[in-house]
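Q: My questions concern the predicted model and sequence given below.
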2 protein chains.
Amino acid sequence: MATGRTHRPATRSRGIPEATVARLPLYLRALTALSERSVPTVSSEELAAAAGVNSAKLRKDFSYLGSYGTRGVGYDVEYLVYQISRELGLTQDWPVVIVGIGNLGAALANYGGFASRGFRVAALIDADPAMAGKPVAGIPVQHTDELEKIISDNGVSIGVIATPAGAAQQVCERLVAAGVTSILNFAPTVLSVPDGVDVRKVDLSIELQILAFHEQRKAGEETEGEAAVPPAAPTGAAAAADGRKGPDGDVPAVMPA
Amino acid sequence: MATGRTHRPATRSRGIPEATVARLPLYLRALTALSERSVPTVSSEELAAAAGVNSAKLRKDFSYLGSYGTRGVGYDVEYLVYQISRELGLTQDWPVVIVGIGNLGAALANYGGFASRGFRVAALIDADPAMAGKPVAGIPVQHTDELEKIISDNGVSIGVIATPAGAAQQVCERLVAAGVTSILNFAPTVLSVPDGVDVRKVDLSIELQILAFHEQRKAGEETEGEAAVPPAAPTGAAAAADGRKGPDGDVPAVMPA
DNA sequence: CGCTGTGAACGGCTTCACAGCT
DNA sequence: AGCTGTGAAGCCGTTCACAGCG
C-alpha cells in the first residue's frame, strides 16, 4: 500500500479533526505557561493570541472537546490543561526509543521537551558497535541487535528514527515488526508502513526549501523579469526535439507586477 | 501583527498553492534519486509511489508548474529536476545562519541535507562567549554581538533559530531587524514577526504529542468499544448530562489501562 | 453586557474520471 | 494504447456572525 502518512480516513476517528489535534499541543503549551503564572482563567481571545491562532478557530477547536468554557468569563486554565492533556494521552507515560544516535539522535536524546510531556526515552539504539555502552544524555547506547528485545521489554509503541536515509526503511520495518505503531521519522526518506501504523516526518531540508521558495518570490517581487532559462537539455529520448512548453502558451508567465 | 505562521493569503502568489509547494521538495528528492540511477523518464504513477503521494495529486501539482510531461510517455527526469529546482529557487545559493549552537544547533550544522540543496551555512552564532571561536562542523562559532554584521556582510535572508525558548523571540527580532525575512524556528515558542517575514516551525515535542493522541485511540479501540461518546460535538443540552465543568476532584479518569 | 459555542458560508485541497495528445 | 492534463465534484478546514448562556 501507500507510503508515508497513515491517516485514518476509515476508522471514524472520534470526531476530532486532524487539524485540531495538531493545534492542541500548542494550546497546551500556552496554557501551561499561564498555569505557571497562576492565571486562573483566560478568554479565547487571550489564549488565541498566546498560541498564535485566531480566536474563532480556537473556540471551534475546543468545541470538539466539549463545553469547557464559561460564557461571559472564559476558560478555567487548570481544568483545560487537564482536559487537553487527557485528550492527547499525556496523562500516561509513553516510553520511546531513539534509533540512530548520530548528531541528531544525540540532540534528540538531550532534548528536554520530551521528558517534560510524558515521554520517556526508554532506550537509545545505534548500529555502530563502537557506540554500544557509551552514555548519551545519561543513557547507555545499545546495539541494534537488541532492538526487538528492547521494544518488547519496555512496551514501546513510539519510535524515533534518526538514522541515515539508507537505513531508515529497514529500521522502520524492524520497529513495526517488534510492535511499534507510531513513528517519528527524521530521515529524509519516504517510509512504507502497513495500515495501522502512523508515521510523522520531520524533514529539515524540506522546510528550508519551502522557505527558499517564498524567499525567491519576495526577491522577484521588486525586480522581476527572470527570463525562462534554457534548461539543461533533456537527455531523455522523447524530448529530443526542443519544443518544450514551459513559460509559453498556456502558462501564465509571471505574476502581475 | 499576529504570531507564528506567516502565510501569505493576500499576495496573489503566482498560482502555486501552498500545499503543492510543500510537496515539491518531496518530488525533487525522488527525482534526484531516479536521476542518479540514470532513469530517463517516469510516469506519474511511478513517481507518485516514490514520493508517497497519489498520482492524481502529483499530476495536478505539476500542472501548476506548466506542461512538463509527455502524454503516453511520462516525465523527463532531468528536465523535471531542473524545473522544480528553479521553481523552488534552488538554482541559487542561499546563505543561512544558525543561531544557538547547542546540541540541536550543532546537529543542524552537521546535517548534510542543507549543503546538498543549495543551502550554505554562512555562520554559526551563539550567545555563550565560551563557544566563540570553537569550530563546529568546521565552522567557527561567532558571538551574538556579531549577528547584525554577519547578516549584512553575507546577505543572509534565511535564519535558523535553535536557541532555548526564552531567547527565541529576541533573536528573532534581531534577525528580522538585520534583514532576515525567512525563519526556521526550532525553539518551542510562538514567534511574532512583522508582515512579510515567513516563519516555519519545527517542534519535536508537538509531533510526539500528535502521535500519542493517535496511539491512545488505537489502544482504546481494541480494549473495547470505547466509551460511548456521541460522534459529533454535544449540544448544550447534552453537556449538562455528563456533568463536566468541575475543576474539583470529581473528574472521571476514563482511560482503559 | 461579555464571551462562549456553533450553524452556515466560504475557500482551498484532494479525488475522480475522462478528454486530449503522443 | 498509454499517460498526461484538467474540469468538476466532494471534502475538510477556516472564518463569519450571531444566538445563547452566565
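A: Now that the structure is in, tell me what you want to look at.

Q: contacting residues around A:S55?
A: A:S43, A:S44, A:E45, A:L47, A:A48 (Cβ atoms under 8 Å, 6 or more residues apart in numbering or on different chains). No exception for glycine: its C-beta is placed from N, CA and C like everyone else's.

Q: Remind me which helix or strand the closest residue to A:K134 other than its chain neighbours belongs to.
A: Using Cβ to Cβ, 6 or more residues apart in numbering or on different chains and skipping residues adjacent in sequence, the residue nearest A:K134 is A:V141, 5.3 Å away. Following DSSP states H and E, one finds A:V141 within strand A:139-143.

Q: follow-up on the earlier one: among the contacts of A:S55, which are in helices?
A: Assigned to helices by DSSP state H, the following of the contacts of A:S55 qualify: A:S44, A:E45, A:L47, A:A48.

Q: Of the residues you listed, grab the buried ones for ChimeraX.
A: Here is the ChimeraX command that selects only those of these that count as buried (16 or more other Cβ atoms under 10 Å in any protein chain shown):
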select /A:44,47,48
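
Q: So which of the ones in helices among the contacts of A:S55 is the closest to chain B?
A: For chain B, the nearest member of the ones in helices among the contacts of A:S55 is A:A48. The distance, counting by Cβ to the nearest Cβ, is 9.4 Å.

Q: That closest one reaches A:F62, doesn't it?
A: No. Between A:A48 and A:F62 there is no contact under Cβ atoms under 8 Å: 10.4 Å.

Q: Worst mean pLDDT across the helices and strands of chain A, which element?
A: When the helices and strands of chain A are compared on mean pLDDT, DSSP states H and E, helix A:112-115 comes out lowest with a mean of 83.

Q: List of residues touching the helix or strand in which A:S35 is found?
A: In this structure, A:S35 sits in helix A:18-36 according to DSSP H and E. Outside helix A:18-36, the residues within contact range by Cβ under 8 Å, 6+ apart are A:7, A:42, A:47, A:50-53, A:57-58, A:60-61, A:64, A:77-78, A:80-81, A:84-85, A:87-88, A:90, B:188, B:190, B:203, B:205-206, B:209-210, B:213.

Q: partner strands of the biggest strand by length in chain A, parallel or antiparallel?
A: Secondary structure of chain A per DSSP state E: the longest strand is strand A:119-126. Taking DSSP bridges as the criterion, strand A:119-126 forms sheet pairs with strand A:94-99 (parallel), strand A:139-143 (parallel).

Q: Tell me which of these sits nearest to B:I98.
A: The stretch from those with the least distance to B:I98 (Cβ to Cβ) is strand A:94-99; that distance is 22.0 Å.

Q: Off-centre distance for that closest one?
A: In terms of Cα atoms, centre = their mean, to the nearest Å, the centre of strand A:94-99 is found 15 Å from the chain centre.

Q: hey, C-alpha coordinates of that strand in CSV?
A: The C-alpha trace of strand A:94-99 is given here as CSV (Å, rounded to 0.1, in the frame of the first residue of the first chain):
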residue,chain,number,x,y,z
TRP,A,94,5.0,6.9,26.8
PRO,A,95,8.3,5.1,26.5
VAL,A,96,10.0,5.9,23.3
VAL,A,97,13.2,4.6,21.7
ILE,A,98,15.5,6.7,19.5
VAL,A,99,17.3,4.8,16.8
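
Q: List the contacts of it.
A: Identification of contacts with strand A:94-99 by Cβ under 8 Å, 6+ apart yields A:105, A:108-109, A:114, A:118-126, A:144, A:147, A:150-151, A:154-163, A:171, A:175, A:180, B:208, B:212, B:215.

Q: In the helix or strand harbouring A:S85, which residues are buried?
A: When secondary structure is defined by DSSP H and E, A:S85 falls within helix A:77-88. Residues A:V77, A:E78, A:Y79, A:L80, A:V81, A:Y82, A:Q83, A:I84, A:S85, A:R86, A:E87, A:L88 are the ones in helix A:77-88 that count as buried (16+ other Cβ under 10 Å).

Q: For the first one, give me its contacts.
A: This points to A:V77. A:V77 makes contact with A:L31, A:L34, A:S35, A:V39, A:P40, A:T41, A:V42, according to Cβ under 8 Å, 6+ apart.

Q: Can you give me the first-to-last residue distance of stretch A:61-76?
A: Taking Cα to Cα, to the nearest Å, the span from the opening residue of stretch A:61-76 to its closing residue is 16 Å.

Q: now A:I183, which residues is it bridged with?
A: With beta bridges defined as DSSP bridges, A:I183 has these partners: A:G159, A:V199.

Q: separation between the residue in the stretch 151-257 of chain A that chain B sits nearest to and B:T32?
A: Across the stretch 151-257 of chain A, no residue is closer to chain B than A:Q216, which sits at 3.2 Å (Cβ to the nearest Cβ). Taking Cβ to Cβ, to the nearest Å as the measure, A:Q216 and B:T32 are separated by 19 Å.

Q: The two: who's more crowded?
A: Under the neighbour definition other Cβ atoms under 10 Å in any protein chain shown, A:Q216 and B:T32 were set side by side, and A:Q216 has more, 20 against 16.

Q: Nearest spatial neighbour of A:A115, chain-adjacent residues omitted?
A: Spatial nearest neighbour of A:A115, excluding adjacent residues (Cβ to Cβ, 6+ apart): A:V121 at 7.4 Å.

Q: Was I right to think the one you found contacts A:F114?
A: Yes. Using Cβ under 8 Å, A:V121 makes contact with A:F114 at a distance of 6.4 Å.
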